[in-house]
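Enquirer: Model the structure of this input:
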Amino acid sequence: MARILVPLDGSKAAQRALRHALQLARDSGAELRLLNVQPPMPMYGPVRATMNASQYHAACEALAKKALQPAQRLLARSRVKYLAHVFYGKPGETIVEAARRLKCAAIVMGTRGLDATGNLLLGSVATRVIHRVGVPVTLVK
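Expert: Prediction:
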């Protein structure tokens, strides 16, 4: 069965991407793989000075849960199979790695809107993903 990766960060664009991926999954019988990417623990700085690794990971897990929770509520009512994952790293590169490791056939993700000059731009994460991944990517505005 095909798998569709849906990176979620809690944004409205990510929620729109999820709804699109849900419809694709319903139409094709695919499974969804929800992904939240958390930054790796910094090697130095205020976070490192005030938290140990287990405290940092617990805080990140709480943030990931908050970002994934609306999607899980929606999918619980949908009867579409899904699994939720939390990976650590730089978002663009980590999404590409997750697609490979989770054996996803496609990625559906949100984009950023307008920059300060008013030009329509893809977000830097979306740009990194489409240039590095070997599977189809659907970008949802």
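Enquirer: Can you tell me how far the most far-flung residue of the chain relative to its centre is from residue 40?
Expert: For the chain, the largest distance from the centre (Cα atoms, centre = their mean) belongs to residue 49, which lies 28.4 Å off. When Cβ to Cβ, to the nearest Å is applied, the distance between residue 49 and residue 40 equals 16 Å. Where C-beta positions appear, they are placed from N, C-alpha and C, glycine not excepted.
Enquirer: and what of residue 131?
Expert: Where residue 40 is concerned, residue 131 sits at a distance of 22 Å (Cβ to Cβ).
Enquirer: again with residue 54
Expert: Summarising the geometry, the distance separating residue 54 from residue 40, computed by Cβ to Cβ, is 14 Å.
Enquirer: cool, residue 134 as well?
Expert: Between residue 134 and residue 40 the computed distance is 24 Å (Cβ to Cβ).
Enquirer: Of these two, which one has the most company?
Expert: Comparing residue 134 with residue 40 by neighbour count (other Cβ atoms under 10 Å), the higher total belongs to residue 40, at 12 against 7.
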